[in-house]
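>>> predicted coordinates and the sequence they were generated for:
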Amino acid sequence: MIQILDNVFNNKDIDTFYGEFRDFTAWKFTGGVGEKNWRKFDLILDKEHPVHSKLFKKSDEIFKKTLPSLASTHSCKYNYASGYVFGTHHEIHSDYPKDWGITVMFYLNKVWDVSYGGETIFINNSGDITNSVIPKPGRVVIFDGSIPHAAREVSRTCIELRMVATFKYGNK
C-alpha cells in the first residue's frame, strides 16, 4: 500500500513549515559507515512545539481517515524530521517487519523542482523501483512500512535542504 495525498496544507502552513525547518531548526548530523551507511540531518519532533504539533495532529488525522481499521490497534511509535543536501546518502531500508506498521511522511519544502532529484523510491522483491514520489510541497505519502524504500540523492544543482517529517505507526 502506497498512497499519495497532495495539497494537504495551505500555502501559509507550507511557508510556516519551510521557515521553521529551514531557518529555525538546529539539525543534528548523523550517520557514518557500517550497518546503516547513511548520512543525513536529523531531528526528533516535539509534540509540544507549536509548529511540530500541527504535523502530529495532521498525521493522526490522515492515519485515522486513511486506515480506520488500524486506528484502534496502532499508534504513533516514532517521529522525526530528516534533511538531505547534495552529498548526503540514504540507503534502501524498511521501517518495519511485514504487516507491522504504517509510515506517514510529509514533504516540508516550499518549492521543489523535479530536476532536484530527492524523490522517495519504493523497491519490490526483485530490486526494481515500483514507485517514485517527488517531494512536492504540501504532499504526504502513506505506505506500508515493510516496503523497502529510500530517499534518492539530491542533485548538485539543488540549493535546498530536502526536508521530511516522518511518523511511524505500529501495534499498540
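Perfect, I can see it now.
>>> longest helix anywhere in the protein?
helix 50-66 (DSSP state H).
>>> hmm, M105 is touching V140, no?
Yes: at 6.7 Å, M105 and V140 qualify as touching, with contact defined as Cβ atoms under 8 Å. Glycine gets a C-beta too; all of them are placed from N, C-alpha and C.
>>> in this structure, what helix or strand scores lowest on average pLDDT?
strand 28-31 (a mean of 74; mean pLDDT, DSSP states H and E).
>>> quick one: strands adjacent to that strand?
Strand 28-31 pairs in its sheet with strand 39-43 (antiparallel), by DSSP bridges.
>>> what's across from the residue nearest to the spatial centre of the chain in the sheet?
Residue closest to the average C-alpha location in the chain (Cα atoms, centre = their mean): M105, at 3.5 Å. Here M105 sits in beta bridges with V141, T166, going by DSSP bridges.
>>> run through the residues that contact it.
The contact partners of M105, taken as Cβ atoms under 8 Å, 6 or more residues apart in numbering, are 120, 140-143, 164-167.
>>> again, but for G101
G101 makes contact with 74, 77, 95, 144-146, 168-171 under the criterion Cβ under 8 Å, 6+ apart.
>>> with I142 instead?
Here I142 is in contact with 1-5, 62-63, 66-67, 102-105 (Cβ under 8 Å, 6+ apart).
>>> over to M163?
With Cβ under 8 Å, 6+ apart, M163 has these contacts: 18, 21-22, 81-83, 107-109.
>>> identify the farthest-apart pair in the residues you listed.
Farthest apart among these by Cβ to Cβ are Y18 and S82. That separation is 15.0 Å.
>>> which stretches of the protein have low pLDDT?
31-39, 89 (pLDDT under 70).
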